[in-house]
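Engineer: I would like to see how this sequence folds:
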Amino acid sequence: MRLSNLADYAVVIMAAAARAGDGARLSANMVADETGIPLPTTQKLLQRLAQAGLFLSARGGGGGFILTRTPADISLADIVEAVEGPIAMTACVEEGRHDCALEGACQVRPHWGAVNGAIRASLSGVSLATLAGAA
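Structural biologist: Numbering: from 1, shown residues only. Here you go, the predicted structure:
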């Protein structure tokens, strides 16, 4: 399993926001300069992270992006899911998916839920504070 570049960049952006301090108001330009992530990608990810509830965003002179929770209360799973959607190792663990040709006779399918849960739990156990070096 490999994270997409966007998910990786989202983690970098969130870590930069955590290092900026509690209540810091960040602009896309500031984040792009700090991280080296191109501005259009930074803008896209900040919007996605805000839509997922990880940032509050406001336009205008007093605008910017502010973390909605403390870095200790945001997990790696929260960030990955904000960009990638629900963590699912295989299609058969996704709710409502029934597109596998082997589904009826698969001997492994009953176990994928446990595997998926273990991976999600591992990602949930890593806080943004840890990723930002603030733990």
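
Engineer: pLDDT-wise, which helix or strand of the chain ranks last?
Structural biologist: Scoring the helices and strands of the chain by mean pLDDT, DSSP states H and E places helix 109-124 at the bottom, with a mean of 89.

Engineer: confirm that Ser57 sits in a helix.
Structural biologist: No - inclusion of Ser57 in a helix is not indicated when DSSP: H, G, I helix; E, B strand; the rest coil is applied; the result is strand.

Engineer: list the contacts of it.
Structural biologist: Counting by CB atoms under 8 Å, 6 or more residues apart in numbering, Ser57 makes contact with 46-47, 50, 63-65. (Glycine included, C-beta is placed from N, CA and C.)

Engineer: any chance of those in TSV, with secondary structure, distance to Leu6 and neighbour count too?
Structural biologist: As requested, the contacts of Ser57 are exported to TSV (DSSP: H, G, I helix; E, B strand; the rest coil; distance: CB to CB, whole Å; neighbours: other CB atoms under 10 Å):
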residue	secondary structure	distance to Leu6	neighbour count
Leu46	helix	12	24
Gln47	helix	12	14
Ala50	helix	15	17
Gly63	coil	23	11
Gly64	strand	21	20
Phe65	strand	17	24
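
Engineer: and the least confident helix or strand of the chain, what's buried?
Structural biologist: The neighbour-count criterion (16 or more other CB atoms under 10 Å) identifies 112, 116, 120, 123 as the buried residues of helix 109-124.

Engineer: likewise for stretch 49-67?
Structural biologist: Buried residues in stretch 49-67, counted by 16+ other CB under 10 Å: 49-50, 54-55, 64-67.
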